[in-house]
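[1] Model the structure of this input:
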Amino acid sequence: QFCKMDVLDPQSAELRIAAQALAYDVHAWSSYCDGYHPSNVLTDTPTDSTARWAATNDDSQYLILKLKQPAIVTQIVFGKYRAAHPCNAKNIEVHGGRTEADMRSLLVTTLMNTSERETLMLKCTLQRVPFACQYIKVTVYSAWEDRVNATLWHIGLKGIAAPDVVARAVEAEAGLRKREAERLCLKYLRQIGRDDLFAALIKDSRSSPPYEHPLLSQLWHDVMHGDYEAAGRAVEQAHVAGMLEYPGALKAVRACWTQLEPRGTDGEVQSPEKGSAPCARGGHHMCLDAAGEQILLFGGWDGRVDLGDLWAYSIARGQWTLLQASTAAAGGPSPRSCHKMCIDPVARQVYTLGRFIDYEQVAQSQADFYRFDIASCTWTLLSANTAAELGPDMIFDHQMCIDSERGAIFVYGGRLCRTTEMGYSGLFKYDIRAATWESIRLDAGAHILSRVGHSMLFDPATQCLLVFAGQRGNTLLNDFFAISTRTFAAEAIMHRTSRKGGPLPSFTQRSTLDLESGEIYVLEGLVQHDDDKEHRDCSSNSLWLFATRTQEWARIPTDPGASQEPCPRFAHQLVYDPAAKRHYLFGGNPGDKTVKQRRLGDLWSLSIERPTADTAAQACLFALRRLRFLELCSHDLPAGIKYLQTTLTPSVPPTEAFQAELRELTAVMFQPTLDDPDVKRQARQAAFTRIMQFVRAEHREPSASLEHLVAL
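    From the prediction side, this is the model:
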């Protein structure tokens with residue numbers, strides 16, 4: 001059970017930008033060893049081996065920090081010793097609140113055993129409203145080695161302590177608590193049948209949002225009075241109004257792969273042998289031209305030579321077109337692989353930077369930077385050598401993202417070609433309008449080190465670059481972090497996604513972002529299993545979904561009914577068409593150990609299937625008809641059997657769980673259990689509660705129960 005952080009909430013991002021260092025005292029602690037007092041965490045002295053808090057060797061040791069004044073605490077900083085240490089805290093949890101007795105979980109994570117300080121984001125909003133804390137509790141569950149005294153070296157807190165801002169946050173939180181308390185009372189009164197008190201309180205209520213949507217109030221009335229026809233109409237109206245959703249839909253998502261066979265104007269299947277389709281390759285790059293309904297593919301490595309061809313795949317026609325057999329001959333970039341491209345969707349212009357080149361050939365090469373105009377099918381050399389203009393040097397396996405609204409391109413990571421050692425490039429920004437480069441951060445001394453073979457997305461809502469995994473040295477990485485494009489601060493979201501139910505450490509995995517749903521899709525590449533540090537493979541290209549709004553990972557299995565799916569691979573390319581909600585995959589390296597030059601040239605489309613609001617509406621109607629059937633059987637069995645055959649059975653949702661429930665109904669229809677009025681009322685309440693599971697939270701009554709909150 002990991003704390004659901006709101007790192008990707010735009011409002012939380014704004015709070016973190018304004019955050020300042022917060023002063024605090026060490027208020028309480030569980031224990032400490034002689035010479036290692038808890039107050040040591042107040043100072044950051046990484047060269048002093050005694051400047052730390054060391055707890056006794058027991059489970060769940062803690063520190064409670066008291067802020068000098070209440071604040072909205074957005075980040076916690078853990079300073080470290082100058083080298084990895086066996087006593088370093090490993091698994092921790094952070095709680096916060098305005099009193100010691102009322103603290104909520106802000107973060108659950110695993111700290112790294114390194115010398116690098118860690119700045120971690122804390123949950124700082126509740127229902128999009130910032131909340132203030134005066135107490136922060138840091139609980140240490142384990143150290144990096146067994147049977148040692150868990151240690152914290154330094155703790156820093158950041159946030160907003162401006163009295164006017166904090167006062168507004170406290171007032172807003174109090175309002176939230178009051179409204180929720182009122183809504184819980186309303187729910188309880190309605191459940192116990194005190195409709196008179198419920199109606200009086202509703203009439204007098206000034207709460208916003210209201211107790212529930214008026215359609216649901218009507219639905220309650222219809223269900224409790226046994227008017228199932230009217231209740232069914234209320235469900236249909238709620239469905240049309242967009243109020244329904246399928247609970248747990250994330251776990252029911254399925255991947256539907258289809259191998260495409262592009263055909264020419266003559267109707268014949270296109271192929272590389274005919275020169276009508278791109279040849280097999282890896283290390284290429286693709287981008288989606290949404291306005292032109294096409295995918296552009298450039299370059300790559302066919303296992304023997306770099307490629308310099310430019311292709312367009314028409315999504316509407318299902319057809320490849322060779323735009324340029326040689327981009328160099330058309331005034332564009334030379335043949336290359338391991339380069340990157342990004343597209344300005346408004347101007348319909350593509351930018352490309354970088355390439356792999358042997359160290360022996362670097363002296364004769366420069367870091368060129370090109371722009372391709374789709375409308376005119378022409379190239380422009382923007383820079384013959386970006387390194388001479390404060391831009392990146394010769395790099396490969398980096399990442400590029402564009403913020404088309406602000407006219408900026410961001411380049412992060414990649415391997416430097418001009419060194420025989422493993423040198424890494426940093427973070428750069430290119431101003432499209434001014435045609436200038438800016439070096440933001442070099443690899444040396446960076447909080448989060450650069451890497452190669454990672455994936456990177458730009459989220460315009462939070463103005464952040466989202467970076468996943470990759471490789472550093474011989475290690476495959478498994479982290480997930482955000483870089484603000486306004487402050488360029490880098491903050492870890494997850495140190496190990498595989499420990500949070502997400503992907504394994506991976507190299508050349510590909511990711512896409514659906515802005516409408518706030519979902520990130522990740523297709524693994526070369527992976528390394530947690531229990532096997534020596535070997536890596538692409539034995540399974542697992543597809544993952546990360547829901548930014550709930551901070552949940554879900555592995556997306558292939559639809560069991562599918563007859564085909566792409567073989568595992570790495571160095572492939574994946575693009576996403578947000579309008580059609582469809583991905584396209586092309587090429588890659590299958591990791592064939594017998595024929596190492598083998599590359600792939602297959603083209604696939606991927607659609608994501610999941611339970612929809614239509615399925616939710618079917619489930620709601622089934623709950624109503626199930627109850628109607630049981631009530632009929634209680635006093636008119638023949639009518640109940642006829643209703644089962646003509647109405648209930650044909651409307652059962654097409655899932656095994658509902659089919660099984662239908663079969664179970666035949667065993668209880670001869671048991672008249674709903675004759676008693678109290679039993680009937682309870683059954684109708686249960687049906688309404690079941691329907692509420694399929695209604696979006698912002699429209700329905702609170703899910704909590706007043707009775708469950710009463711302490712005895």
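
[2] May I have the residues that are in contact with residue 61?
    By CB atoms under 8 Å, 6 or more residues apart in numbering, the contact set of residue 61 is 29-31, 55, 139-140, 150. All C-beta spots, glycine's among them, are computed from the backbone N, C-alpha and C.

[3] Among these, filter down to the buried ones and hand me the PyMOL syntax, if you would.
    In PyMOL, a selection of the buried entries from the contacts of residue 61 looks like this (16 or more other CB atoms under 10 Å):
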select buried, resi 29+30+55+139+140+150
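
[4] ok, residue 284 touching residue 302?
    No. Using CB atoms under 8 Å, residue 284 is not in contact with residue 302; the gap is 9.5 Å.

[5] More neighbours: those two, which one.
    residue 284 (27 against 21; other CB atoms under 10 Å).

[6] Got the confidence number for that one?
    Residue 284 carries a pLDDT value of 97.

[7] Quick check: residue 63 is in a helix.
    No. Read with DSSP: H, G, I helix; E, B strand; the rest coil, residue 63 is strand and lies in no helix.

[8] Mind listing what's buried along the longest helix along the chain?
    For the chain, the longest helix by residue count, based on DSSP state H, is helix 163-191. By neighbour count with 16+ other CB under 10 Å, helix 163-191 contains the buried residues 165-166, 169-170, 172-173, 179, 182-187, 189-191.

[9] got any ranges where this structure has weak pLDDT?
    For the chain, applying pLDDT under 70 flags the ranges 1-17, 206-209, 419-422, 444-447, 529-540, 669-674.

[10] what's the span of stretch 693-711 from first residue to last?
    26 Å (CA to CA, to the nearest Å).

[11] Now do that stretch: everything it contacts.
    180, 183-188, 209, 211-213, 216, 238, 243-247, 616-617, 619-620, 692.

[12] swap in stretch 97-107?
    3, 5, 28, 64, 70, 73, 76, 92-96, 120-124, 132-137, 170.

[13] Of the residues you listed, just the buried ones, ChimeraX syntax please.
    ChimeraX command restricting the contacts of stretch 97-107 to the buried ones, with burial defined by 16+ other CB under 10 Å:
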select :3,5,64,70,73,76,92,93,94,95,96,120,121,122,123,124,132,133,134,135,136,137,170
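
[14] Just the ones of the contacts of stretch 97-107 in strands?
    Cross-referencing these against strands under DSSP state E gives 28, 64, 70, 73, 76, 92-96, 120-121, 133-137.

[15] and the residue most central in space within the chain, what does it touch?
    When CA atoms, centre = their mean is applied to the chain, the residue found nearest the centroid is residue 546 (3.1 Å). For residue 546, the contact set (CB under 8 Å, 6+ apart) comprises 502, 519-522, 552-554.

[16] State the distance from it to residue 523.
    With distances taken as CB to CB, to the nearest Å, residue 546 is found 12 Å from residue 523.

[17] Ok, residue 230 next?
    Using CB to CB, residue 230 is found at 48 Å from residue 523.

[18] So between those two, which is more surrounded?
    Set residue 230 next to residue 523 and count neighbours by other CB under 10 Å: residue 523 wins out with 27 against 15.

[19] can you pull the contacts of the more buried one?
    Taking CB under 8 Å, 6+ apart as the test, what residue 523 contacts is 509-511, 541-544, 572, 574, 585.

[20] can you pick the most crowded of these?
    Counting neighbours by other CB under 10 Å, residue 572 leads the contacts of residue 523 with 29 neighbours.

[21] Make sure it is actually in contact with residue 525.
    Yes. Counting by CB under 8 Å, residue 525 is a contact partner of residue 572 at 7.1 Å.

[22] any idea how far residue 554 is from the residue lying closest to residue 559 once chain neighbours are set aside?
    Residue nearest to residue 559 in three dimensions, not counting chain neighbours: residue 254, with 4.3 Å by CB to CB, 6 or more residues apart in numbering. Distance check for residue 254 against residue 554: by CB to CB, it reads 11 Å.

[23] okay, the two: which has more neighbours?
    The neighbour comparison of residue 254 against residue 554 (other CB under 10 Å) goes to residue 554, with 20 against 16.

[24] Tell me who's in contact with that one.
    Counting by CB under 8 Å, 6+ apart, residue 554 has contacts 250-251, 253, 501, 544-547.

[25] Give me the buried entries from those.
    By neighbour count, with 16+ other CB under 10 Å, these hold 250, 253, 544-547 as buried.

[26] Out of those residues, which comes closest to residue 205?
    Nearest to residue 205, judged by CB to CB, of the buried ones among the contacts of residue 554 is residue 547 at 32.9 Å.

[27] For the closest one, which residues are in contact?
    Per CB under 8 Å, 6+ apart, neighbours of residue 547: 250, 518-519, 554.

[28] Export these as CSV, with columns for secondary structure and distance to residue 258.
    Formatted as CSV, the contacts of residue 547 follow (DSSP: H, G, I helix; E, B strand; the rest coil; distance: CB to CB, whole Å):
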residue, secondary structure, distance to residue 258
250, helix, 23
518, coil, 26
519, strand, 20
554, strand, 22
